[in-house]
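Q: With the sequence up front, the predicted model follows.
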Amino acid sequence: MDSSGIDDIQRVRDASDIVRVIGEHIELKARGKEYVCLCPFHDDKKPSMTVVPQKQIYKCFSCGAGGDVYEFVKNYHQMTFGEAIRYLADRAGVKLQERHRKRTSNDNADSVTKSVLIEANELAERFFKSILRHAEHGTAARELIEKRGISKEMVDAFHLGASPDRGDGLRQCLESKGHKLDPFMQLGLLKASDRGQAPYDAQRNRLVFPIRDQIGRVIAFGGRRINDEDEPKYINSSESPVFDKSSTLFGLDLANRAIQREGVAVIAEGYTDVIACHQAGITNTVATLGTALTTKHATVLQRLCHTVVFLFDGDEAGQKAADRAAEVFLTLPIDAKIATLAGYTDAKDPDELLKQEGGADVLRQAIAEATELLEYRLGRLRSRLATAGAAETERAIREEFRTLGQLGLASADKVRWQFVVRRLSELSGLTTDTVAELVREGGKRAPRLAPVEAEPKIDEIEYRPHRSVTAEILGCMLSMPERWIGMDENEALLESECRETRLWPVFEAMRELAHGTGRTDVLSVVDRLRSTGENHTLAIELERDVSRRHDENTQQMAETLNVCFQTLRQHASTVEAKPASSTADRLEQIKAQKGAFGPNTRILPRVKPH
């Protein structure tokens, strides 16, 4: 990478505070001088990831994920390194000097394909927006927007578009500009003809809703019919390498900040409900894409907030939502609530309610008074058993608690288990022991599925604690880069100990920087390792391991560093010494070593050289 590329990396990093960037994706909590959060790179139930503002790095000590702001963005959004630079540059308003970069070992073919697909979606979005503005082809869509009461501000914010009432509008536009059709076929925007003819448009005569990921990239489209006679009512893009329906929430790119600010996410049932809520100022609203809420959705939400409110039209829909929510949220450290409109208005959905005078206030009240998931389920049970006898009531309560056990409560972690069991006891009037017994019975009934081996994330397989003397030295010097000054003979000693170990790339990068720019801080080392395709996360791991164990105390780290170098010198002296031919010779060797290194061997770290 040339100097302009390195300058780009530094300028963009300087403009991209890691706390702000990660905080835009995950809820951060201050802990001393650092921040902690749920790690997004493994199934984290308690905050395992640390963000260090002073050093602009993050590290998870559970799965081993770690790096700088580029590494976080790259892995969180499955980007290439070049895409991460461009995303962060656009976010910070930094103009890049170098916009094209040679591929490295970090950029695989799949990620390049994703980039092409994102670009294809952006082209399609521009086409749909141009059709909406078209004097002839966009008339019907504009009339539908006006009829639904969607403001111009919302049209712009959600980037609404339209497809023409013909089967080849998008295809002809692409062909006229020389674009290949393959990416659009893979995205499901074009469909292959059964008659062997040219591909046809999937979206025809529809109001088009671009579907974006959390950072605003277009990953799919939803199309609502304009003519009521057309079927189906909605058509969504096919799933693709950039679009997973089971983990995508419509409107999350716009709702992200509000969800974190309020600590609450509101889940509506469709595109127009989300737009209506945002137009009314309820901007923490999102929607699933025609599917029930999944564990993937829940994982995304629990990183952003502590409460999820399901907003549904009527009692029946609310009951079904409660059943689905129980399956997903029961064992997760996030509160789930149910809000139904039936008790507040005769409007059939939030969109209709918000068109009424005072509708926004009514909707806010319904959300604020949403019923806790467990209370909703038991309240529904009590209503059903209002006229039942004692035996029937007993059977129903037993079955309800057993069902909760089957849904996963029986295998919840200890804290979640105690909290839910205590709450069920309060709601039912039964003792906690009785509730626990019934739930465990349900857990025993649950089908035993073969365990699914999770795909390893980041460096989860590679991650191991490094406690060798050489690792300790490198970790200390990454934490205190000024210690490279005056290394002298210690550098040659450390070189010999690191050679032919997995620590060698880190040492080599630090040495080159020390004799070049003079900057051996952890981020400079990460940049050097990344540019050569080496494992740059190892540098983060070494630095964090040492810093955490020494509580960032530089005096303690300096003492450890001195002791470790003393140990290396002692080791080198022992290796170079001739084998003792007698007990007397061995005693002479020990006497000489004590004279050189001192008699107190207990101060030396109990670790093995490399």
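A: Arrived safely, thanks for sending.
Q: Break down the stretch 451-600 of the chain into its helices, ranges please.
A: Per DSSP state H, counting those that start in this stretch, the stretch 451-600 of the chain carries helices over the ranges 469-479, 489-498, 504-515, 522-531, 537-549, 554-576, 583-597.
Q: what is the mean pLDDT for stretch 305-314?
A: Mean pLDDT, stretch 305-314: 86.
Q: and what of stretch 81-98?
A: 87.
Q: Tell me if residue 128 really is in a helix.
A: Yes. Assessed with DSSP: H, G, I helix; E, B strand; the rest coil, residue 128 lies in a helix.
Q: separation between it and residue 203?
A: 8 Å (CB to CB, to the nearest Å). All C-beta spots, glycine's among them, are computed from the backbone N, C-alpha and C.
Q: which residues are in contact with both of those two?
A: 163, 221 (CB atoms under 8 Å, 6 or more residues apart in numbering).
Q: Give me the helix or strand of this protein that scores worst on average pLDDT.
A: helix 583-597 (a mean of 54; mean pLDDT, DSSP states H and E).
Q: Would you double-check that residue 222 falls in a helix?
A: No. Using three-state DSSP, the secondary structure at residue 222 is strand, not a helix.
Q: Isn't it up against residue 274?
A: No. Applying CB atoms under 8 Å, one finds residue 222 not in contact with residue 274, separated by 11.0 Å.
Q: So which of the two has more stuff around it?
A: A count of neighbours by other CB atoms under 10 Å puts residue 274 above the other of residue 222 and residue 274, at 30 against 21.
Q: What residues does the more buried one make contact with?
A: Residue 274 touches 250, 251, 268, 285, 286, 287, counting by CB under 8 Å, 6+ apart.
Q: at 10 Å what do you get?
A: By CB atoms under 10 Å, 6 or more residues apart in numbering, residue 274 lies in contact with 154, 158, 209, 249-252, 254-255, 266-268, 282-283, 285-287, 311, 350-351.
Q: what about it, helix or strand, and which?
A: In this assignment (DSSP states H and E), residue 274 forms part of helix 271-279.
Q: same deal with residue 87?
A: In this structure, residue 87 sits in helix 81-92 according to DSSP H and E.
Q: For that helix, buried residues please.
A: Neighbour counts over helix 81-92 (16 or more other CB atoms under 10 Å) mark 81, 82, 83, 84, 85, 86, 87, 88, 89, 91, 92 as buried.
Q: quick one: the strands in the stretch 51-200 of the chain?
A: 57-60, 66-67, 161-163, 190-191, 200-201 (DSSP state E, counting those that start in this stretch).
Q: Show residues contacting the fourth one.
A: Yep, that's strand 190-191 we're talking about. Under CB under 10 Å, 6+ apart, the answer for strand 190-191 is 124, 167-168, 170-171, 174, 181-185, 198-203, 238.
Q: try 7 Å
A: 170, 171, 181, 184, 199, 200, 201, 202 (CB atoms under 7 Å, 6 or more residues apart in numbering).
Q: what number of residues lie near the closest residue to the fifth one other than its chain neighbours?
A: Right, residue 199. Excluding the flanking residues, the one nearest residue 199 by CB to CB, 6 or more residues apart in numbering is residue 190, at 4.1 Å. Residue 190: 23 surrounding residues under other CB under 10 Å.
Q: try residue 395
A: 13.
Q: In terms of helices and strands, where is it?
A: With DSSP H and E as the criterion, residue 395 is inside helix 390-406.
Q: can you list contacts of that helix?
A: Contacts of helix 390-406 (CB under 7 Å, 6+ apart): 330, 381, 385, 424, 428, 435, 438-443, 445-446.
Q: same check, this time on stretch 65-80
A: 13, 16, 18, 21-22, 25, 39-41, 56-60, 81, 84-85, 87-88, 107, 111-112, 114-115, 215, 457-459, 523, 526, 536-537, 540-541, 544.
Q: Show the buried residues in the residues you listed.
A: 13, 16, 18, 21-22, 25, 39-41, 56-60, 81, 84-85, 87-88, 107, 111, 114-115, 215, 457-459, 523, 526, 536-537, 540-541, 544.
Q: mind showing which ranges of the stretch 151-300 of the chain have poor pLDDT?
A: By pLDDT under 70, the stretch 151-300 of the chain has no low-scoring segment.
Q: Mind splitting the chain into its structural domains?
A: If you go by automatic domain parsing, the domain ranges for the chain are 3-106, 111-243, 247-378, 385-445, 469-603.
Q: Would you mind finding the most buried of these?
A: Comparing the domains of the chain by mean neighbour count (mean count of other CB atoms under 10 Å), domain 247-378 ranks first with a mean of 20.
Q: Centre of the chain to that domain, how far?
A: 21 Å (CA atoms, centre = their mean, to the nearest Å).
Q: What is the neighbour count of residue 382?
A: 15.
Q: Verify the assumption that it is located in a helix.
A: Yes. Assigned with three-state DSSP, residue 382 falls within a helix.
Q: who's residue 268 bridged to?
A: Residues in a beta bridge with residue 268, per DSSP bridges, are residue 287.
Q: show me what contacts it?
A: Contacts of residue 268 (CB under 7 Å, 6+ apart): 274, 277, 285, 287, 311, 350.
Q: roughly how far apart are it and residue 341?
A: Per CB to CB, residue 268 is found 11 Å from residue 341.
Q: Same check on residue 394?
A: From residue 394 to residue 341 the distance is 34 Å (CB to CB).
Q: now swap in residue 90 and tell me
A: 40 Å.
Q: what's in contact with stretch 369-384?
A: By CB under 7 Å, 6+ apart, stretch 369-384 touches 309, 319, 322, 325-326, 329, 335-339, 396, 400, 423-424, 427-428.
Q: let's see it at 6 Å
A: Residues external to stretch 369-384 that are found in contact with it (CB atoms under 6 Å, 6 or more residues apart in numbering): 309, 322, 325, 336, 337, 338, 339, 400, 423, 427.
Q: do stretch 325-344 as well
A: 293, 295, 298, 302, 307-315, 318, 322, 362, 366-367, 370-373, 376, 407-409, 412.
Q: pull the CA atoms of that stretch into CSV?
A: Extracted C-alpha coordinates of stretch 325-344, given in CSV (Å, rounded to 0.1, in the frame of the first residue of the first chain):
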residue,chain,number,x,y,z
ALA,A,325,-42.4,-13.7,21.3
ALA,A,326,-42.3,-16.3,24.2
GLU,A,327,-40.4,-18.7,21.9
VAL,A,328,-37.8,-16.0,21.1
PHE,A,329,-37.4,-13.8,24.1
LEU,A,330,-38.1,-16.0,27.1
THR,A,331,-34.5,-16.9,27.7
LEU,A,332,-32.9,-13.7,26.5
PRO,A,333,-31.9,-10.7,28.8
ILE,A,334,-34.4,-8.4,27.2
ASP,A,335,-38.0,-7.5,28.2
ALA,A,336,-40.8,-8.2,25.8
LYS,A,337,-44.2,-6.5,26.0
ILE,A,338,-47.4,-6.7,24.0
ALA,A,339,-49.4,-3.6,22.9
THR,A,340,-52.7,-4.1,21.2
LEU,A,341,-54.9,-1.3,19.8
ALA,A,342,-58.2,-3.1,20.5
GLY,A,343,-58.5,-1.6,24.0
TYR,A,344,-57.7,2.0,22.9
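Q: what is the mean pLDDT for it?
A: Mean predicted confidence for stretch 325-344 is 84.
Q: same question, stretch 531-549
A: 89.
Q: hey, C-alpha coordinates of that stretch in CSV?
A: In CSV, the C-alpha atoms belonging to stretch 531-549 read as follows (Å, rounded to 0.1, in the frame of the first residue of the first chain):
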residue,chain,number,x,y,z
SER,A,531,-0.9,-4.3,5.1
THR,A,532,1.2,-7.5,5.0
GLY,A,533,-1.8,-9.9,5.4
GLU,A,534,-0.6,-11.1,8.8
ASN,A,535,-2.8,-11.8,11.8
HIS,A,536,-3.2,-8.3,13.2
THR,A,537,-5.7,-9.3,15.9
LEU,A,538,-2.8,-11.0,17.7
ALA,A,539,-1.3,-7.6,18.5
ILE,A,540,-4.6,-6.5,20.1
GLU,A,541,-4.8,-9.8,22.1
LEU,A,542,-1.3,-9.4,23.5
GLU,A,543,-1.8,-5.8,24.5
ARG,A,544,-5.2,-6.3,26.1
ASP,A,545,-4.1,-9.4,28.0
VAL,A,546,-1.2,-7.6,29.6
SER,A,547,-3.1,-4.3,30.2
ARG,A,548,-6.1,-6.0,31.8
ARG,A,549,-4.0,-8.2,34.2
